[in-house]
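Chemist: got a predicted structure here, sequence first:
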Amino acid sequence: MTSREACAARDAADPLAGMRRLFALERVDAEGVIYLDGNSLGVLPRSAPERLRVVAEDEWGAGLIRSWNSAGWITLGERIAAKIARVIGADAGDVVVADSTSVNLYKVLSAAMAVSGSGDAARTRIVSERTNFPTDLYIADTLARERGFELVLVDEPAIPAALQDPRVAILMLTHVNYRTGFMHDMAAVTRRAHAAGALVIWDLAHSAGAVPVQLHGEPAEPVEPADFAVGCGYKYLNGGPGAPAFAWAHPRHTAWMDHTGWRQPLSGWLGHAAPFAFTPDYQPAAGMARFVCGTPPVLSLAALECGVDTVLAAEAVGGMAAIREKSVALTDLFIDLVEQRCAGFDLSLVSPRAAAERGSQVSLAHPTDGYAIMQALIARGVIGDFRAPDILRFGFTPLYTRYVDVWDAVERMRTVLESGEWRDPRHAVRAAVT
């Protein structure tokens, strides 16, 4: 059986151990908190407060409007997009950073509808998973109703069969399921969709910065390139609460847009071919630049860049491959320890047991009291989160999560379950954010 000493030894030998110093964890550690919720909100990068101070006091306070040029505010989004491209296996010019994941999905889904319709107007179905993140389904349903499409929801095993319908235009999936942590084989699913004549949109909210992604294909080992992707900046990219999101489209689709003059439905001034010409008529910028809409949020972008830099810092010790290796080790350890030390309390594993099918999270279910158990855990300093109706969700960010954190978290879980302290009525009171 694994011991805490064995976990400490693994930490001492961990090539990513030095990455933890990139995060401001002193107060968290002093309070005895074990943070296993980086799949909802990443930890504060150590560089972010000073960077925000500089932007606020020096660039905004002293530079004023001159900082759009002198401090490079106007190209800040482009610089961060190029960095995110390195994390998701894309080319720098094919990614934009702007808006939220929901807004960006609205844009790329509109684009996918247009591209698909240009080839076969009879394709009017969007297929997605029934358990996809709700905002993705809400956006898709709204667009489908507006534009004569139909949103079809299926369970994950039924996706191949659903693709056989010749009316399917778009397959829209989240790479790592937000509830269960199930991870699709992106290349295989994309290949199957393309063979059926459908385009694929991937939501990378629970992937970017946690698992290797190759959107554009890997030159040394070709994989099926995707069509469109979106993702957020505040989870494993550590960009801060509400950080701007990103969007990507394959160059073959932006080439079609350039050729046809297609404009995305949120045709804002900064997505204009010449925004400072201030002409009354809209002309879309070339390539992905047309997916930008309004003025960039400089303070939020500055924090996001600090977060993305923490992920890129791991390139010195193996990059995404090293992050993924540790992610698998952490989640395997958590599953093993929970099953060894918390048996008999009606917890069941919801995430895939096979590491190849699992993102960087582990979800457990409790049939009746999952919320109260999670609240009792949080009261004991183990921060995860709850997803209705019965999921206790734990995220593992390899850049700052240690093996001893996993051990200690399970020990506290065992104490919560054995003592029954989760039955305290205060733990059943639902907060606004679960």
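Modeler: Now that the structure is in, tell me what you want to look at.

Chemist: flag every buried residue along stretch 379-387.
Modeler: By 16 or more other Cβ atoms under 10 Å, the buried positions in stretch 379-387 come out as 380, 382-387. The way it works is simple: take the backbone N, C-alpha and C, and place the C-beta from them, glycine included.

Chemist: stretch 120-128 now?
Modeler: 123-128.

Chemist: hang on, the earlier thing: out of the buried residues of stretch 379-387, list just those in helices.
Modeler: Judged by DSSP state H, the buried residues of stretch 379-387 include no members of helices.

Chemist: can I get these in JSON lines including pLDDT and distance to Met320?
Modeler: What follows is these, written out as JSON lines (pLDDT from 0 to 100; distance: Cβ to Cβ, whole Å):
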{"residue": "Arg380", "pLDDT": "96", "distance to Met320": "33"}
{"residue": "Val382", "pLDDT": "98", "distance to Met320": "27"}
{"residue": "Ile383", "pLDDT": "97", "distance to Met320": "25"}
{"residue": "Gly384", "pLDDT": "97", "distance to Met320": "24"}
{"residue": "Asp385", "pLDDT": "96", "distance to Met320": "25"}
{"residue": "Phe386", "pLDDT": "95", "distance to Met320": "29"}
{"residue": "Arg387", "pLDDT": "94", "distance to Met320": "26"}
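
Chemist: what is the nearest of these to Val168?
Modeler: Nearest to Val168 among the buried residues of stretch 379-387 is Arg387, at 28.3 Å by Cβ to Cβ.

Chemist: is the spatially most central residue of the chain in a helix, a strand, or coil?
Modeler: For the chain, the residue nearest the mean C-alpha position is Ala205 (1.8 Å; Cα atoms, centre = their mean). Of the three states, Ala205 takes coil under DSSP: H, G, I helix; E, B strand; the rest coil.

Chemist: pLDDT wise, what is it at?
Modeler: For Ala205, the model assigns a pLDDT of 97.

Chemist: wait, it sits on Val211?
Modeler: No - in this structure Ala205 lies outside contact range of Val211 using Cβ atoms under 8 Å: 11.9 Å.

Chemist: including distance to Tyr138, could the buried residues of stretch 379-387 go into JSON lines?
Modeler: JSON lines is the format used below for the buried residues of stretch 379-387 (distance: Cβ to Cβ, whole Å):
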{"residue": "Arg380", "distance to Tyr138": "35"}
{"residue": "Val382", "distance to Tyr138": "31"}
{"residue": "Ile383", "distance to Tyr138": "28"}
{"residue": "Gly384", "distance to Tyr138": "25"}
{"residue": "Asp385", "distance to Tyr138": "20"}
{"residue": "Phe386", "distance to Tyr138": "21"}
{"residue": "Arg387", "distance to Tyr138": "17"}
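
Chemist: so which of those residues comes closest to Asp141?
Modeler: Arg387 (20.4 Å).

Chemist: wait, doesn't that closest one sit right on Met374?
Modeler: No - Arg387 is not in contact with Met374 according to Cβ under 8 Å; the separation is 9.7 Å.

Chemist: check contacts around Met113.
Modeler: Contacts for Met113 were tallied using Cβ atoms under 8 Å, 6 or more residues apart in numbering; they are 143, 147, 149, 169-170.

Chemist: include secondary structure when you put these into CSV, please.
Modeler: Output for the contacts of Met113, formatted as CSV (three-state DSSP):
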residue, secondary structure
Leu143, helix
Arg147, helix
Phe149, coil
Ala169, strand
Ile170, strand
